[in-house]
Structures are given as C-alpha cells and as structure tokens.
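K.L.:
need coordinates for the below:
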Amino acid sequence: MQQSEKDTIERRVVNAILERPTDVIEIDGEKYPIAPPTVATLMLVSELIAEMPMTDGNSDNVLIEVLATAKDMAVIGKITAVLMLGAKRVLEGRERVVKRERRWSWRRWRYEEYEEREPEIEWLGRRVLEEVSPGVLMKVLTKRLMVLGVTDFFGITTSLSGANQLRRTREVETQSGAR
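P.N.:
This is a model prediction of the structure:
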C-alpha cells in the first residue's frame, strides 16, 4: 500500500469517527454539509425506515399506489435529514429557530423577543420535502445509501450472528444420569 493510499484511508476513518462533513448538498440555494456514514447513522435510518408504510412494488397501477401511500411518507424527509446530518448531530438534539417576532408585553411594558424553535431533524426533513424534487431526492438517497456501507454492516452482523449460533449450549442431564 502506498503512503498516499494509507493517508487517504486514515483520513477517511478519522473523518467518519469525528463525523466531519465530506460532501455538500445544495437545497434551495443553501448549502448543507453532509456527515460521513457511521454505524449509528445506519441504525437511525433503519429505525425510521421501519416507520414507513408497506407498499406493493409489483402493483399494476403505480399512480394509485403512490397516491394511496404518499400521505404517510413524510418520514422520507427525516431519513434524508439523518443521512445528511449524521447520528451524532441528530442525537445532540440541536434546534433551529423557525420564527422570530417581537411582541408587546403588557406585564413588562416593553417589546420582547420571542423565538419559536424546532428540532433540526424535523426542520431539515420538512425543508427537503418542500424544496427538493422527487428526482433529486432519489439521487441524494441513493448516493448516501451507497456511501453508508450497508454491505459492510451486513457482513459484520451476519458474521456475529453466525458466531452467536456456534456458542456452546447448556448440557442437560437425563433421568438415567447420562449426558
């Protein structure tokens, strides 16, 4: 392995552990850094995918299938937001100011600033659904899921579950005393 390859692999590992942005996506003129994939991100995405309604991929009429399930698919925005932000940032519980206004306070006889806040994942998920076309959303999700390393995670889980099946079982004595 050459020094430059080793340096690149080490840099990618460090970036993944620290969840430093590796890519940028632009939504409605605003640029969002995308965190590198981690196992925690994959687990959060899996949890959100479980919330999606079942659809029939072999349906004769795709239009009817899409229109029947689209109302329950808002979770796609959250899935995209998790893939963009990364698990660390989502689990930090960051909030975003959605509305800021000044109101007159009769109790204090002055104007006061009020802020309405929303969890960042909800805000970004809604923004993705409102601003991104289905084609762009498909490209972003496909690209992020490819980078996520699903096959590597599958390899880890299957090898560990195989090791789990190989563990020694408890011996039981029968009435005759034989094992």
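
K.L.:
where do the strands sit along the chain?
P.N.:
Assigned by DSSP state E, the chain shows strands spanning 23-27, 30-34, 95-105, 110-119.

K.L.:
show me where pLDDT drops low in this structure?
P.N.:
In the predicted model, the chain carries pLDDT under 70 at residues 1-22, 28, 162-179.

K.L.:
need phi/psi at Gly149.
P.N.:
phi 80, psi 40 (degrees, to the nearest 10).

K.L.:
grab the nearest non-local neighbour of it.
P.N.:
Pro37 (5.7 Å; Cβ to Cβ, 6 or more residues apart in numbering). Just so you know, the C-beta spots here come from the backbone N, C-alpha and C atoms, and that holds for glycine as well.

K.L.:
surely the one you found meets Leu148?
P.N.:
Yes - with contact defined as Cβ atoms under 8 Å, Pro37 counts as touching Leu148 (4.2 Å).

K.L.:
so where do the helices sit in the protein?
P.N.:
3-18, 39-49, 62-69, 75-85, 87-92, 120-131, 134-147, 150-165 (DSSP state H).

K.L.:
how near is the residue nearest to Arg96 when sequence neighbours are not counted to Glu116?
P.N.:
Nearest non-adjacent residue to Arg96, counting by Cβ to Cβ, 6+ apart: Trp123, 4.4 Å away. The gap separating Trp123 from Glu116 is 11 Å, by Cβ to Cβ, to the nearest Å.

K.L.:
do the same with Arg100
P.N.:
8 Å.

K.L.:
pretty sure Pro33 contacts Gly86?
P.N.:
No - judged on Cβ under 8 Å, Pro33 makes no contact with Gly86 at a distance of 9.5 Å.
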